[in-house]
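Asks: Fold the following and give me the result.
(chains A, B, C and D)
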There are 4 protein chains.
Amino acid sequence: MNDDAEATTRGKDLTAVRRDLHRHPEEGWTEFRTTALVAAELDDRGFDLHLGSEAVAADERLGVPSDDDIAAARARARREGAPTDYLDRMGDVTGLVAVKAYGDGSGPVVGLRVDVDALARQEATDDDHRPAREGFGSTHPGEMHACGHDGHTAIGLGVARELDANGGFDGTLKLFFQPAEEGGRGGLPMSRTAHLDDVDHLLAVHLGLGAETGTVVAGYERPLSNAKLDVTFSGEPAHAGGEPNAGRNAMQALATAVQNLYAIPRHADGATRVNVGMVESANAQNVISEAATMRVEVRGETAALNEYVLDAAHRVLDAAADMHDCEVETALYGKTTTFECDPEMVAAVRDAAGGVDGVTDVVDHRPFGGSEDASYLVRRVQEAGGTATYVGVGASNPAGHHTAYFDIDEASLDIGVGVLAGTVRSL
Amino acid sequence: MNDDAEATTRGKDLTAVRRDLHRHPEEGWTEFRTTALVAAELDDRGFDLHLGSEAVAADERLGVPSDDDIAAARARARREGAPTDYLDRMGDVTGLVAVKAYGDGSGPVVGLRVDVDALARQEATDDDHRPAREGFGSTHPGEMHACGHDGHTAIGLGVARELDANGGFDGTLKLFFQPAEEGGRGGLPMSRTAHLDDVDHLLAVHLGLGAETGTVVAGYERPLSNAKLDVTFSGEPAHAGGEPNAGRNAMQALATAVQNLYAIPRHADGATRVNVGMVESANAQNVISEAATMRVEVRGETAALNEYVLDAAHRVLDAAADMHDCEVETALYGKTTTFECDPEMVAAVRDAAGGVDGVTDVVDHRPFGGSEDASYLVRRVQEAGGTATYVGVGASNPAGHHTAYFDIDEASLDIGVGVLAGTVRSL
Amino acid sequence: MNDDAEATTRGKDLTAVRRDLHRHPEEGWTEFRTTALVAAELDDRGFDLHLGSEAVAADERLGVPSDDDIAAARARARREGAPTDYLDRMGDVTGLVAVKAYGDGSGPVVGLRVDVDALARQEATDDDHRPAREGFGSTHPGEMHACGHDGHTAIGLGVARELDANGGFDGTLKLFFQPAEEGGRGGLPMSRTAHLDDVDHLLAVHLGLGAETGTVVAGYERPLSNAKLDVTFSGEPAHAGGEPNAGRNAMQALATAVQNLYAIPRHADGATRVNVGMVESANAQNVISEAATMRVEVRGETAALNEYVLDAAHRVLDAAADMHDCEVETALYGKTTTFECDPEMVAAVRDAAGGVDGVTDVVDHRPFGGSEDASYLVRRVQEAGGTATYVGVGASNPAGHHTAYFDIDEASLDIGVGVLAGTVRSL
Amino acid sequence: MNDDAEATTRGKDLTAVRRDLHRHPEEGWTEFRTTALVAAELDDRGFDLHLGSEAVAADERLGVPSDDDIAAARARARREGAPTDYLDRMGDVTGLVAVKAYGDGSGPVVGLRVDVDALARQEATDDDHRPAREGFGSTHPGEMHACGHDGHTAIGLGVARELDANGGFDGTLKLFFQPAEEGGRGGLPMSRTAHLDDVDHLLAVHLGLGAETGTVVAGYERPLSNAKLDVTFSGEPAHAGGEPNAGRNAMQALATAVQNLYAIPRHADGATRVNVGMVESANAQNVISEAATMRVEVRGETAALNEYVLDAAHRVLDAAADMHDCEVETALYGKTTTFECDPEMVAAVRDAAGGVDGVTDVVDHRPFGGSEDASYLVRRVQEAGGTATYVGVGASNPAGHHTAYFDIDEASLDIGVGVLAGTVRSL
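Replies: Residues are numbered from 1 along each chain as shown, chains lettered A, B, ... in the order given. The predicted structure follows:
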């Protein structure tokens, strides 16, 4: 790509689209270029666009990067050819809901949610890694599409193309290009808009997840509910030799918290998890720590179990601060809940998948294992009386999700479009 | 002694008195027999007696045993011949202040404080231990005069005898027979009475303390300030297998507290100490602990340092309870403060000691090392404008204080009486 | 009962037998009277008796009381009329395996395991509690048949009586009267004898467990595997004020251990548990703790999960001792494993139960929930090629197992005999 | 300074020299420019130079930066005009011992040790700060001469200049330009060379330390002994949701270590300190931590007390790793010991100082308070039979040592030279 020209998806097949996105991965809440590219093509295709704070409840975003980081990401997107009109319309908030009525518009409203963000990790650069070998590896140091959301984005676009090309369907299509799925930060604020109120049927999709190309899972189920906390203990510094009593030691608060977080009692009703992934307090050896930060994750097999651990974690954090005369601030970095797929939607996907080229195996249900903030969108639709399912499209991967060598079999892109567009038509 | 007859100190020399007390050791707040015996002789000698709640501020007693334990100790004292008149006057509260004016009563009021309680420990019963060998070992299982307070009590009586026998002095003698020095429980409530208001000069005395017979220390100094806390965490029980989440775990509160108590920061201004001597929580292995108790001690080189550690300890205890959704109750079991001896009193003791038979060595000052609740009496007198000192009377001991083989060289008793009576006369 | 006469079960119906046992509960490894009474009647009935160390591998007993406690229990049993012959044959070890061949002895060997011990808990003494009201409450303070083993013992005897009375069956009956089921202490050592080697079919039985009278559960399944550890940390005492550095603090080792035991990571494969039920370290407040004890329990949904937690617990305990320069000793107090019931045995019980008077409901399977050391006997039989099941006999209880008001509906005794004898005959 | 030309100290007065060094601060083990500048002038003055690994035992250096950091610092020094000859002779190791015999060389060998390194901290850039206002603030972001070592270096040079200019003295001068005093990293390796073997008298010097300009402290005493440890716990990562049991959690090891480090028992013999200044473990929230690092400092009022805490810290760290199945590596980042000044040296400084212009007040002794790795040089000299003292030269500072606003009254430079050169002459 020539960084001087305006970038575009138009005229490129899905593989080319996906590779362009793969070269320009953008972490959660900084998906400016990705979103603007998609918006531009969908605008051409006659979709109504809801961008930025019209697509997500901006005040309810979780785990938002600093203003500086967002400004830098916008500048980079601009530099890298993001169509400026759409960039301007987004402001500082990423997210897109695109709507188009097909037929006479009397049919059902069908939503399709795809997530668009990349991960904060360095991509492999050696020749064992196809994106590197074939020249479409990440050009953003420390960022990588290591979970296939580049493919998800391409599929979202592909479904619009397919319907446009093949007579549409009788109903309204709503495409949800969700930011910040990683960490569970974008699902909640997207679910807190009115766009889901009239959705009769919602589809969400994920590539890979251990399924080989050709396999379709009509309904992933039982994701774990989780929550992520950013924690900061604040105390007062002092010279550890001269006045050990004068400080208020954030380091001791941190250690007490870590020990007691892991010791949150197990629960009779099912599996729970708690983990401290990150701690940091950086002072000279002879300084009583003034501040310490932690990143904590809790999980539960059910939303109630997740709340149980989250409540206990808050109690531990508060008491650890009190114990060492410190203050503590906690911010929700991300959160997901659980969901269940509706049988009629699972059946619809299963039936549609049967007729798609390249599909060799259709499975009704598999356990999801991890966590997903599509859960908030699913629940919102179901609470309003709609139905939903979370669809898996097999993609043979050479390496696990979130690893430096992750890649997707691009044959899965057309399969995904086929299954989803077929399902939309059948509803 | 015949337990049927009324016991008495009358007609017995100090060694015999001390041995009788040694056979009948009584722990803090249960010194009914000891106090009654002393009261009886002093009554005969014309002292005004203030017994029980007239001698100590009963409501401010620290570390008081249960009502049952006190009732049992009173019954035992009665069984063992304690003069019933004085027993009845004491009620449930031990303590005695005995006052007698000598001469025309125009001279100074001189106080002498001796402590009378025994320790909760089993005395050695083998022939290596002189009290056992010579038949005056403790007859109370688990109680022992292992700190010489039997000797202190005898000396208190001896000073009265000596003054009576040798012409008294020009002034008023106030004898403070203080209960419950062990643990620092009796000094505070005795200092909260009016008896010290008019004391011009106060003497306190201790035998042994590492000094050999013949040595007199005119002014022990720099005791540590300390405080002892009884702590109870209360939670809720649950079956640890069936419902681990249902309990509120006092055991976890206890462990968190112990870890963080020892980690209370050191202080720039001087030595501090913290220790957890006792923990107990008794449940079956599969029960989440409903209750857990601890006994904690803090110390400081100064009263301010002691308060620093005590405040920090309270903060730790409260937060440990909060952390595990428990409640905590703390009760002060005992407390001591620091004191300084007045130079004129040190000089008076030094001068008096010089002329006493058996005294071979007089030292002005030694560091006290441990803690002493005579500190409250000393401070009270000094605050009211009086002067005080804490006198050491050497007594060659075969074994350390508080050990099962502790004993005192009884030659120290007459020396102690000589030094103290001599000092009283000189003031 | 007249304590002067020799006690006996002979001539008493099962309810009377159970009530006599209920009045004389004996904790694990002290079931001298219980075992001797049963042995006496079975001896009369022509059973071969294996008593004491012939019934259990004495060296492999877990959680054995002190020699003094055992001696006191034997003396009590003697005082309370236990037949002295059998008492003498037992020595200091409880346990009985009784064997009798019926018919020509060519049929299968069928084992029946019943547990005989009581719990360490005080029985309710008010009139709300039928045993108290009707005069058969425990006469042993602090001990109680609160889990129905008095009934199990009676049923064991009842099966022998029934077979004897009604023509026996074609085979050999082996009755295992197992000591010390509570805490999981007797199953393992009983399984380490040769008595199970030739058992073709093993039945174990439990009354109650939440099932009402009339219900029979042909195969309880999925007990939790567990292990209980007695832990002692040993350090060195020191004066906490004078020489805080001189000690090796068992209290700190204890606290570190408790905190980290609860923080043993959860396991992906299923539920695990860890609990510290008891801690004790008893010193004066100013003494660095020389010794501290704990009682710990771990559990796992499978034997492998149990081993995972047990290994982690040992690692934590060892490191906690090292950290504070202490030593640690751990002793296995009790242990259980998991088992699965053989379908053919479940079927046999189901079929037999159908024809028993009073049986209203037969259930094939229920989850066991708790832990059971019959698991070791079941596994031993299955490993040798035999089959087994764990049978539940409903008994309407006014209060939960292990509570002070536990009692059993005695109608369940004859039902239990009927079901088990019927099954024996059918095998 | 023009970065293109070779920098030099020649022809500049001490204030100018100090300001040039102040503009170019270099952290410990990267003092390439500083050392090369001094070496160049002393070479001219006829000193024998021992540079780099000839000045320090390179293998015993503590707290050495990474190879990359050292290479970058060398490159910067080159860029900033460091004389390349001396830069080349140093290689990758900083440090300089410069030796010159005056008179007939038969007199004593007198050593002078000055430290040359800067601190890792950002200097204030506002006009309240004289170096900023007058244009000689640090040009190296994040590095600052905030402890006066720029002045020490100038004084070292000044003493050579003064002796050269004023007839020398009868003896040999050895100038020790010590790297990496901050953190206590350079003293030990410099003391492990033979250069100190023949030193009869050693002087070390520090500016400021709370003393106003005009005050001279002839012998600072009782520095704290300390040690700094870099600690790394290594475990194994795992997905905290999917396989919490599969990891070996360095985060838990870290927390256990922090808690128990702070709880290392106080010591009866005097003050001890322990602090954890830095912790870091950086993983996503859902990753069991594979690695965690800490920076720890221990101190003792005596070297023995320091060793006591250091031993205990090692025991805690090892056990914390074991407890969580991790490994731990510890590296000594820095270490200091204690020293005592020789009375004859204190007297010599006192006498010499009396005659120096600007000196208003001479104090024999003051407690040092902090820690100093000159201690190793002092001890080495004393062990070989020499004498030593640590001299304080008052310098009125507007802000405390190690703060962003630290500066020195440059009048102290000539005073320092006067006192030290005067002392050298008098020895």
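Asks: going forward, measure contacts and count neighbours with C-alpha atoms only.
Replies: Noted.
Asks: Residue in the stretch 251-400 of chain A with the shortest distance to chain C?
Replies: Nearest residue of the stretch 251-400 of chain A to chain C: A:Ala263, at 4.1 Å (CA to the nearest CA).
Asks: is it true that that residue touches C:Tyr262?
Replies: Yes: taking CA atoms under 8 Å as the definition, A:Ala263 is a contact partner of C:Tyr262 at 4.8 Å.
Asks: For the stretch 101-250 of chain A, what lies in contact range of chain D?
Replies: A:228, A:240-242, A:244 (CA under 8 Å from any CA of the partner chain).
Asks: Pull the most distant pair out of those.
Replies: A:Lys228 and A:Gly242 (38.0 Å; CA to CA).
Asks: who has more neighbours, these two?
Replies: A:Lys228 (28 against 16; other CA atoms under 10 Å in any protein chain shown).
Asks: Tell me which residue is most central in chain A.
Replies: With distances taken as CA atoms, centre = their mean, A:Glu181 lies nearest the centre of chain A, 1.2 Å away.
Asks: Relative to its centre, which residue of chain A is most distant?
Replies: Distance-from-mean max, chain A, by CA atoms, centre = their mean: A:Gly242 at 48.8 Å.
Asks: need the contact list for that one.
Replies: With contact taken as CA atoms under 8 Å, 6 or more residues apart in numbering or on different chains, A:Gly242 is in contact with B:268, D:369-370.
Asks: And those, which of them are buried?
Replies: Buried members of those, scored by 16 or more other CA atoms under 10 Å in any protein chain shown, are B:Ala268.
Asks: could you dump the contacts of A:Gly242 to JSON lines with secondary structure and pLDDT?
Replies: Output for the contacts of A:Gly242, formatted as JSON lines (DSSP: H, G, I helix; E, B strand; the rest coil; pLDDT from 0 to 100):
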{"residue": "B:Ala268", "secondary structure": "coil", "pLDDT": "91"}
{"residue": "D:Gly369", "secondary structure": "coil", "pLDDT": "77"}
{"residue": "D:Gly370", "secondary structure": "coil", "pLDDT": "83"}
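Asks: Could you look up the SS state of A:Ala253?
Replies: With DSSP: H, G, I helix; E, B strand; the rest coil as the basis, the three-state label of A:Ala253 is helix.
Asks: My guess is it contacts A:Glu327. True?
Replies: No: the pair A:Ala253 / A:Glu327 is not scored as a contact, 9.2 Å apart, by CA under 8 Å.
Asks: Quick check: neighbours shared by these two?
Replies: A:233, A:321.
Asks: in chain A, which ranges drop under the pLDDT threshold?
Replies: Applying pLDDT under 70 to chain A flags residues A:1-4.
Asks: sorry, back to before: nearest to C:Val346, of the contacts of A:Gly242?
Replies: B:Ala268 (73.2 Å).
Asks: Could you check the angle the helix ranked longest in chain A makes with helix B:303-323?
Replies: Among the segments of chain A that qualify as a helix by DSSP state H, the longest is helix A:303-323. Taking axes from the mean of the first three to the mean of the last three CA atoms, to 10 degrees, helix A:303-323 and helix B:303-323 form an angle of 180 degrees between their directions.
Asks: buried ones in helix A:303-323?
Replies: Neighbour counts over helix A:303-323 (16+ other CA under 10 Å) mark A:303, A:305-310, A:312-323 as buried.
Asks: Then stretch A:153-171?
Replies: Quick answer for stretch A:153-171 (16+ other CA under 10 Å): A:153-163, A:168-171.
Asks: just those residues now: which is nearest chain C?
Replies: The closest of the buried residues of stretch A:153-171, once distances to chain C are taken by CA to the nearest CA, is A:Thr153, at 32.5 Å.
Asks: mind checking the SS state of that closest one?
Replies: helix.
Asks: pretty sure it contacts A:Val116?
Replies: Yes: applying CA under 8 Å as the test, A:Thr153 and A:Val116 come out as touching, 5.6 Å apart.
Asks: Can you work out which residues contact both of those two?
Replies: By CA under 8 Å, 6+ apart, A:Thr153 and A:Val116 have these common neighbours: A:Phe177.
Asks: Going by proximity to chain D, name the top residue of the stretch 51-200 of chain A.
Replies: A:Gly183 (8.5 Å).
Asks: what are the phi and psi values for that residue?
Replies: A:Gly183 adopts backbone torsions of phi 90, psi -10, taken as degrees, to the nearest 10.
Asks: Check the burial of A:Asp357 by counting its neighbours.
Replies: 12.
Asks: Find the helix or strand that it is a member of.
Replies: Using DSSP states H and E, A:Asp357 sits within no helix or strand.
Asks: repeat for A:Ala257
Replies: helix A:250-262.
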